[in-house]
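build me a model from this:
(chains A and B)
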Amino acid sequence: MTRGKATAWKIAKRDETQARRELILRAATIRLNELGYARTSMMGIAADLGLSTNALYYYFRSKAEILYGCFERSFGLIERCTEFAEHAEGSGNHQMQVFVLRFRELIEAEPLPGSWLLVHLTRARLTAIGKRDTAHQARLHSIVLRGIADGSIRECDVASTVGILLSGLYTLSYAQLSRELGEATLRDELQRLVAQALAP
Amino acid sequence: MSSPTKKSKLKPRKQQTVVTNRESPWVAAKAEQRNARRDTILRAATRCIHQLGYTGASMEIIARELGLSYNALYHYFESKEEILAQAFIRTQELLLACVERSVSASGSGLSRLLGFVEAFQCLVQEESPPAFALVAHLPDEILQRLLAGRHEMLQGLQSIVRDGMEDGSIRQTEPSLLVGFVFGALESLPYWVYPPEVMSNSLQSFVMHAIAVDTARQ
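Numbering: from 1, shown residues only, chains lettered A, B, ... in the order given. As a prediction, the model looks like this:
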């Protein structure tokens, strides 16, 4: 009896399901951003993917489940940017620049759920998301602290400075700016803005 | 027993045409009072909605919070939707006034922009504006109106940045990106839990460093 044991077959199956869930969440994020929570239906999400509604329910029990999944997915992606920055070489200031550029690439490549959708989460899940956000910000704090130690970042209140940086990044309307300035200029300017805002 | 004779004893009512004098100070005072009361309601309602969520904060709870009767509340606002929409519109009007003041203020571009940042912070502390996430509950036409207003504000701020670049107080940069970033950071101010003095310091020095002329480069 190998039940419960992770055989190669089981692992492959689990990964496959995970990949499909990812696909669903990606499509659902686009739809939710466009139509809002109330006007997004399980049927609509399924239709986007060419799935039957029943098949969709196999992966997610409800729309609420999908919305929560969308936020978890987006946090996973943003955390990957931070991880990349943590492994980058150079000063703390440079690592923050890496984070910002990586974040910009992420926004270009992947749809992320808008913060206005947060109001549709239950309180318990909102708390869970909040905890994850705090943990993520703490990682950025330690990068900034390293920067202050190595002299590449000015003395500042770390928590609020990271808060300002993140909310500035989240709310920037990239699509419009990219049209106006061109992608290369946008990136250069963004990098310079962050570098200079943190520099001593 | 209401006989016609009894009625005839009453003096015939004089036909009177009442023309309200719209310019009368009394009418103006009434209108002002009504607006002030509406503002009070908006502030209290926003607080309620923040605490209890949009669905949780019923008109009844909002009325109780204010010490008003349910019916009296409806005298001022037709519905909760209207309260939320008006709360957003009012905040934006106040902000727009801030932008206009900064645009027409004297001084370098840098000092005017920093002045705006400070004014924004004061406004957030005094008025407790509705959290951005609540826009999910707004109807489309209000959303469009708010977006148009936001666009106008960004244009105003960009003109300040351009002035600053010209007078040499702000480094050469892309005004749209700079303004988008700073304004975005400001918009999420109501969420932040840091003490106001700390926040104010961080924000001022962040903007200062981000836009000031980079002396090392020149």
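
ok and the residue in chain B nearest chain A?
Chain A sits closest to B:Gly184 of chain B, with a gap of 2.9 Å, by CB to the nearest CB. Where C-beta positions appear, they are placed from N, C-alpha and C, glycine not excepted.

number of nearby residues for B:Gly164?
When neighbours are defined as other CB atoms under 10 Å in any protein chain shown, B:Gly164 has 25 of them.

now do the contacts for it.
B:108-110, B:112-113, B:170, B:211 (CB atoms under 8 Å, 6 or more residues apart in numbering or on different chains).

correct me if wrong, but A:Lys13 is in a helix.
Yes: read with DSSP: H, G, I helix; E, B strand; the rest coil, A:Lys13 is one of the residues of a helix.

how far away is it from A:Glu83?
27 Å (CB to CB, to the nearest Å).

now A:Ala8
27 Å.

comparing these two, which residue is more hemmed in?
Counting neighbours by other CB under 10 Å for A:Ala8 and for A:Glu83 shows that A:Glu83 has the greater number, 13 against 7.

what helices and strands are in contact with the helix or strand hosting that one?
Using DSSP states H and E, the element containing A:Glu83 is helix A:63-87. In this structure, helix A:63-87 packs against helix A:8-39, helix A:42-49, helix A:92-109, helix A:123-150, with contacts taken as 3 or more CB pairs under 8 Å, 6 or more residues apart in numbering or on different chains; DSSP states H and E.

pLDDT score assigned to the most centrally placed residue in chain B?
Nearest to the geometric centre of chain B sits B:Thr91, at 1.2 Å (CA atoms, centre = their mean). Note on B:Thr91: pLDDT of 91.

check A:Thr29 too.
Looking at A:Thr29, its pLDDT stands at 95.

count of residues packed around it?
Neighbours of A:Thr29 (other CB under 10 Å): 24.

ok, residue 19 - how many residues close by?
Here I'm looking at chain A. By other CB under 10 Å, the burial measure for A:Ala19, its neighbour count, is 9.

my bad, chain B
Counted with other CB under 10 Å, the neighbours of B:Val19 add up to 5.

B:Thr17 now?
Under the neighbour criterion other CB under 10 Å, B:Thr17 is assigned a count of 4.

and what of A:Lys63?
The number of residues packed near A:Lys63 is 18, by other CB under 10 Å.

give me the nearest residue to it, chain neighbours excluded.
Distance criterion CB to CB, 6 or more residues apart in numbering or on different chains; nearest residue to A:Lys63, sequence neighbours excluded, is A:Met42 at 5.7 Å.

now do the contacts for that neighbour.
Applying CB under 8 Å, 6+ apart to A:Met42 gives the contacts A:53, A:56-57, A:62-63, A:66.

what does the pLDDT read for it?
On the pLDDT scale, A:Met42 is placed at 94.

measure it to A:Leu121 for me?
Distance from A:Met42 to A:Leu121, by CB to CB: 17 Å.

before we move on, what about B:Ile61?
Separation of B:Ile61 from A:Leu121 (CB to CB): 22 Å.

what angle separates the helix or strand bottoming out on mean pLDDT in chain A from helix A:92-109?
When each helix and strand of chain A is scored by mean pLDDT, DSSP states H and E, helix A:174-181 comes last, with a mean of 80. Using axes from the mean of the first three to the mean of the last three CA atoms, to 10 degrees, the inter-axis angle of helix A:174-181 relative to helix A:92-109 is 100 degrees.
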